[in-house]
Structures are given as structure tokens and as C-alpha cells.
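[1] predicted model, plus sequence, below.
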Amino acid sequence: MSDALLSVEGVSVRYGDFSAAESVSFSIERGHIVSLIGLNGAGKTTIVNTVMGLHKPESGRIVFKGEDITSLSTEKIVSRGLSLVPQGGRCFNRMSVQDNLLMGSYPRTARKKAKQTLEHVYELFPVLEEMKKRPAGTLSGGQRQMVAIGRALMACPDCLIFDEISLGLSPAVIKDIYNRIIKINREEKTSILLIEQDTKRALGASDSFCVMLKGRVVLSGSSSEIDPETLKKAYFGI
Amino acid sequence: MYFVQIIVNGILLGSVYALLGVGMTMIFGIVKLTNLAHGEFIVLGAYLATVLAPVLGVDPVVTLVITVPLMFLGGFLLQYFLIGRAMKKGNEPALLVTFGLSIILQDVMLMVFSADAQHIVASYSKSTVKLGSIEISVLHLVLFAISLISILSLTLFLRYTYIGRAIRATSDDSDAASLSGVNINKIYAVAMGIAMASAAVAGLCVGMKWTYYPSSGGSYLLIAFVVVVIGGMGSVPGTLAAGILFGLAQVIGGANYGLLISYVMLLIVLVVRPKGIFGK
């Protein structure tokens, strides 16, 4: 745990009487990619939203860069260096692509480097520079996802969380986006947490994994050493 | 020439109506709240200018240097500590808070300033200039300039500053804005501050153009509603366009039919384009 950049320690979340996550623990080391995989309703997004301060846990704590961030507000968590690319690439539809990206550099820590980071984002996603004046609402699903990734990168995060990035996208676009995620991790040493349902793709990209089922982590380990049969049983709960 | 004179008067007057709606559209579009106290904020702005101009011995327009920041601060604090807290319990409690505020403000103004009609007089209030065969009131030109500068400044602020972008982003998707590091409660407070600052400017303009009383807020609120709905909730350029349409309707219809034409326009917009002319 000592080398961990982000640690989720025994986090439980409830929505009224419903327990959405129970004693969930995992950690991400600096520069690593971790995938959190599971079926729909397994509690993955609940955990991510809790890490980002959108939900408050009933118990447990979240530590980022050695600081307990459990009770911090979302904007403070973002300013500490954690960024989320939300499900469906939620963009500001009425704003231009460039304004969407600049919104990512809203935290004061990121503003000084905004121009430089914007150039870097355009290098990573050249199509966004071509479309910088277009309203984000007019883009395709894949392009919107690129805007969302670019916006998260504009905050110069130490850790990036991708929530079901492949949802609703074509296989070719997913492959392209995954290649860019790996590039971000390798070139910028940004730690990454991938939330996925597609186990093959997630394991192929990550160093380690956790499988969630019905709000609990039921299996974790190194992505390269997992036995497919054990993974299947844990994933489906059979 | 009479027709041109009417159009010019309508446009000049319309800019003041647009100003009445600017604060309302900010709160509608960003905070998603109907601010029932907006009319009283405008009247408060008018009273502040009325009191300050003779005390400081300056032109009423100069009082904006004090009233705009003062009202901005008031709006910020009001949203952050009162309306924002009510909003956590739902939209209805927040709506009731603004209703309560409108009653309290009206009564306080009645106690302090009495029910007598007031009017802000400037040295150029009755002057006119001739442009060819068209005669234009200097006051109308001053009010037009104030309105245009205010609306243009607000548009540039929203488009090119970090806070302006955050305001637009919050209006689009507040959760996504929060994930970009925006403190939503502070942005709501800034939006209310801007709404009240615009009410200070609108108050000065209506005070210079018409007479007003502590109970005038209701009629300004109604005009603001009409302008905002026709222009499109949350759209500043839409508010300007709708204000000018409203102004033209008043000049063309006169005292008898002006309001009627405006309400018919409102009904047509609601049927044909419910989101308003510039609404998205």
C-alpha cells in the first residue's frame, strides 16, 4: 500500500436500503494501469463516483498521494490531480470543442500550463484541432469521447479514471482510443484506472485488475497471470 | 419618416427591456431557478441610484461604479448563504425564498422611501438631437449605450474568461462541470451576483426613463419573464433580440395595445418555438 498513488480502503456505499458497494479495496501504483471489471450493476461506477466525491461512502476511506480525500468535494479532488472521463463522454454540448477542452484546465494548478497542454491534446487528437470551433453536441460518439479524454488531460492529472470508455463505440474507435490511453500512460507516466465490462480489452491494457460482483471485489491480481476460467467464474458469479 | 422614427425609438427603448431580462435569463439558464425577487432587485437598483447621485453630486450614470459591485456582492452572498441552502432541499423551497425576499424588499423600500413615485433626473433628461429628419432623445441614446455596453461586456465575459466558461458549462451539465473542477455553489453565487449587478444597471435605466415605486417590481418582473421566454432561457443575445422586439411592440402599439402585442408575440413563440428564438 505504501507505493500506492490511489488507495480505496474498505469503502461501502449505500443508496437508502440498497448496498451498492461493500468493503471495496484496491490500489493503483504510480504509472500503472489498473482495470476494474464487472457486469452491469456490479458497483463499478458507484465506486468511481465515490472516489471523485460525487457520493459519500458509508464507511472506509480513499487516500490519494498520501492524503485522505474521502470527505473532500469533487472540485478539490480534481485540483489534487484526479480526473474522471465519465461514461458516454459527457461534453458541454452547446460549447465549442476548444471551450470544452479549456474547461478541463479550470483548476488553478492547470491554468498556467493551459496553452501548452492544449497543444499537447491537439497532438494526441489532431481531429479535435480541426473541429475546435464546432459545438461539441454535433460530434460523433467517438469524437465526443476524445473531447472528454482531452478535457480530463487538460487538468494535468496524476491519475486518470475512464468509466466504460468503450460503451456504444465501434470496435475500430475503441481500439484507437485504447491505443491513445496506453500512449498517455507510457509517455506521461499517468496512472490509469479503467472501468470496463470488456474483460479481454481491459486485461490487455492493464497491469493489474479487480473483478467486482454485486458490490464486492471478488477477484484481483496481475492481468498477465490470470486464468481465463477463474476470471469467467468470478465475473459471472458461477 | 414617421415609420423610421418609430423603429429607432423601439430599438432604443428595447435595449432597456433587454436589460430587465438579462439577470432573469442568467438565473433561469444557469441556476435553473425562477427568481421572483428580480423585479424588486431592479427597483432597489433604481433607489440606490436615486439616493447616491445627489449625495455624491454626480451624474446618475456614475453611481453605477458603486451600485454594480455592491449589488454583485449582495447577490453573491444571498445565493451562497440563503438561496443555495434552500436549493439543497429542492426547487420549491428556493422559489418560496425568492418570493419571501420580494415581499421583504418591497416592504423595506416602502418603509425607507415611502410609497411616493420617484424619478431619476439627469441634466440631459429632456434634451434631443436631430439626425436628419429624425429626432432622438439624448436620454434614450444614453440608456441604449448603457444597455449595449452591459450586454456586450457580459457576452464577452461569458465567452472568454475561465469563470464565464464555467458558468456556461454549469448551465449545460452541472455534474460534468463539477468533474472539471468547478465549485458549482460558487458559480451559482457568481451568476446571482451578475443578475443583481445587471438589476442595478436596469434599475438606473428604468428610473431615468419612467417613474417607479416600491411596488413597481411586479411589472418589471413580468416584462423580464416575457423577454426571457421570447429570447430563450439562458441566452443573452436572445434577451437583447427579444427586448428590441418588445420595445418595438410598445412603440407601435402605444399605451393601449403595446402590452397586448407583446403577449400575443409571447403566445406565438410558445406555440411555434417553445424554447424561444435563441433557445437551444
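    Noted; the coordinates are in hand.

[2] give me the buried positions along stretch B:105-125.
    B:Leu105, B:Gln106, B:Met109, B:Phe113, B:Gln118, B:Ile120 (16 or more other C-beta atoms under 10 Å in any protein chain shown). Just so you know, the C-beta spots here come from the backbone N, C-alpha and C atoms, and that holds for glycine as well.

[3] same question, stretch A:170-185
    Going by 16+ other C-beta under 10 Å, stretch A:170-185 has these buried residues: A:Val173, A:Ile174, A:Asp176, A:Ile177, A:Tyr178, A:Ile181, A:Ile184, A:Asn185.

[4] in TSV, list these along with pLDDT.
    Shown next, in TSV, are those (pLDDT from 0 to 100):
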residue	pLDDT
A:Val173	84
A:Ile174	87
A:Asp176	88
A:Ile177	88
A:Tyr178	90
A:Ile181	90
A:Ile184	90
A:Asn185	92
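
[5] turn the residues you listed into JSON lines, including secondary structure and distance to A:Lys56.
    Below are those laid out as JSON lines (DSSP: H, G, I helix; E, B strand; the rest coil; distance: C-beta to C-beta, whole Å):
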{"residue": "A:Val173", "secondary structure": "helix", "distance to A:Lys56": "35"}
{"residue": "A:Ile174", "secondary structure": "helix", "distance to A:Lys56": "33"}
{"residue": "A:Asp176", "secondary structure": "helix", "distance to A:Lys56": "36"}
{"residue": "A:Ile177", "secondary structure": "helix", "distance to A:Lys56": "31"}
{"residue": "A:Tyr178", "secondary structure": "helix", "distance to A:Lys56": "32"}
{"residue": "A:Ile181", "secondary structure": "helix", "distance to A:Lys56": "29"}
{"residue": "A:Ile184", "secondary structure": "helix", "distance to A:Lys56": "30"}
{"residue": "A:Asn185", "secondary structure": "helix", "distance to A:Lys56": "29"}
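
[6] hmm, which two among those residues are most spread apart?
    A:Val173 and A:Asn185 (18.9 Å; C-beta to C-beta).

[7] where does the prediction get shaky in chain A?
    In the predicted model, chain A carries pLDDT under 70 at residues A:1-2.

[8] what does it put close to chain B?
    Contacts of chain A with chain B, taken as C-beta under 8 Å from any C-beta of the partner chain, map to A:52, A:54, A:73-75, A:78-79, A:83-84, A:86, A:90-95, A:99, A:102-104, A:106-107, A:110-111, A:151, A:155.

[9] narrow those to those that are buried.
    The neighbour-count test (16+ other C-beta under 10 Å) marks A:52, A:54, A:74-75, A:78-79, A:83-84, A:86, A:90-95, A:99, A:102-104, A:106-107, A:110, A:151, A:155 as buried among the residues of chain A next to chain B.

[10] just checking, which of these belong to helices?
    A:Thr74, A:Glu75, A:Val78, A:Ser79, A:Asp99, A:Leu102, A:Met103, A:Gly104, A:Ala110, A:Arg151 (DSSP state H).

[11] how close does B:Pro237 sit to chain A?
    13 Å (C-beta to the nearest C-beta, to the nearest Å).

[12] so that residue touches B:Ile277, yeah?
    No. Between B:Pro237 and B:Ile277 there is no contact under C-beta atoms under 8 Å: 9.4 Å.

[13] comparing these two, which residue is more hemmed in?
    Neighbour count, other C-beta atoms under 10 Å in any protein chain shown: between B:Pro237 and B:Ile277, B:Ile277 has more, with 18 against 14.

[14] ok, the buried residues of stretch B:105-125 vs chain A, which is closest?
    B:Leu105 (32.0 Å; C-beta to the nearest C-beta).

[15] which residue, other than its chain neighbours, is closest to that closest one?
    For B:Leu105, ignoring the flanking residues on the chain, the nearest one in space by C-beta to C-beta, 6 or more residues apart in numbering or on different chains is B:Glu40 at 3.9 Å.

[16] pLDDT wise, what is that neighbour at?
    Model confidence at B:Glu40, given as pLDDT, is 97.

[17] could you list everything the closest residue to A:Asp3 other than its chain neighbours pairs with in the sheet?
    Using C-beta to C-beta, 6+ apart and skipping the chain neighbours, the partner closest in space to A:Asp3 is A:Glu29 (5.2 Å). Beta bridges link A:Glu29 to A:Ala4, judged by DSSP bridges.

[18] wait, A:Glu29 sits on A:Leu5?
    Yes. Taking contacts as C-beta under 8 Å, A:Glu29 lies within contact range of A:Leu5: 6.3 Å.

[19] overlap in contacts, these two.
    A:Ser191 (C-beta atoms under 8 Å, 6 or more residues apart in numbering or on different chains).

[20] so between those two, which is more surrounded?
    A:Leu5 (21 against 17).

[21] number of residues surrounding the residue lying closest to B:Ile223 once chain neighbours are set aside?
    Counting by C-beta to C-beta, 6+ apart, B:Ile223 lies nearest to B:Leu20, which is 5.3 Å off, once chain neighbours are set aside. Counted by other C-beta under 10 Å, the residues lying close to B:Leu20 total 32.

[22] so which helix or strand takes in B:Leu20?
    For B:Leu20, the element it lies in under DSSP states H and E is helix B:2-26.

[23] tell me the first helix or strand C-terminal of that helix.
    Following helix B:2-26 toward the C-terminus (DSSP H and E): helix B:38-56.

[24] mind listing the strands for chain A?
    Using DSSP state E, the strands of chain A run over A:4-15, A:18-29, A:33-38, A:59-64, A:67-68, A:82-85, A:159-163, A:191-196, A:208-213, A:216-222.

[25] next, the angle from the last one to strand A:18-29.
    With axes from the mean of the first three to the mean of the last three C-alpha atoms, to 10 degrees applied, the angle from strand A:216-222 to strand A:18-29 works out at 20 degrees.

[26] and A:Lys175, how close does it get to A:Asp198?
    11 Å (C-beta to C-beta, to the nearest Å).
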